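**Student:** Kindly return the folded structure for what I paste below:
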Amino acid sequence: MSDTSGKQQNTAAFYGQAVASFSVAMGATAVGIFKLNADAWVRAFLGIAVLYLVTSAFTLSKVIRDRQDAAASAYHPFEKL
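**Tutor:** Residues are numbered from 1 along each chain as shown. All right, here's what the predicted structure looks like:
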């Protein structure tokens, strides 16, 4: 029997699509805030709110990934029987 890792790897196309999607979303949001007909402090507040939302999303996804990795790599002594 071969001992292969069950860890799934993403393809380069999936990674590229995720990066492109994130870039388009951030760019569109930045243009929308920049073109907004409001005072500068309102646009600045919205810009900071978007940055906070993005960093929170990255942190949440990392926590979820780490929790799933920890659950998947738990030691099961009778796993191969």
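
**Student:** only C-alpha atoms for contact and neighbour calcs from this point on.
**Tutor:** OK.

**Student:** Give me the pLDDT value at the residue sitting nearest the centre point of the chain.
**Tutor:** Closest to where the C-alpha atoms of the chain average out (CA atoms, centre = their mean) is residue 58, at 4.6 Å. Looking at residue 58, its pLDDT reads 94.

**Student:** The one 5 residues further on too?
**Tutor:** According to the predicted model, the pLDDT of residue 63 comes to 93.

**Student:** cool, and residue 38?
**Tutor:** Listed pLDDT for residue 38 reads 96.

**Student:** cool, and residue 27?
**Tutor:** As predicted, residue 27 sits at a pLDDT of 95.

**Student:** Please, which helix or strand holds it?
**Tutor:** For residue 27, the element it lies in under DSSP states H and E is helix 12-35.

**Student:** re earlier: could you look up the SS state of the residue nearest to the centre of the chain?
**Tutor:** Secondary structure assignment for residue 58 (DSSP: H, G, I helix; E, B strand; the rest coil): helix.

**Student:** So, low pLDDT: which residues of the chain?
**Tutor:** In the predicted model, the chain carries pLDDT under 70 at residues 1-8, 73-76, 79-81.

**Student:** run the last query once more with 80
**Tutor:** Low-confidence regions of the chain, defined by pLDDT under 80, span residues 1-9, 71-81.

**Student:** got the contact list for residue 33?
**Tutor:** 43, 46, 47 (CA atoms under 8 Å, 6 or more residues apart in numbering).

**Student:** what about the last one, helix or strand, and which?
**Tutor:** Mapping residue 47 onto the secondary structure by DSSP H and E places it in helix 40-72.

**Student:** Buried ones in that helix, by neighbour count?
**Tutor:** By neighbour count on 16 or more other CA atoms under 10 Å, the buried set for helix 40-72 is 43, 46, 47, 50.
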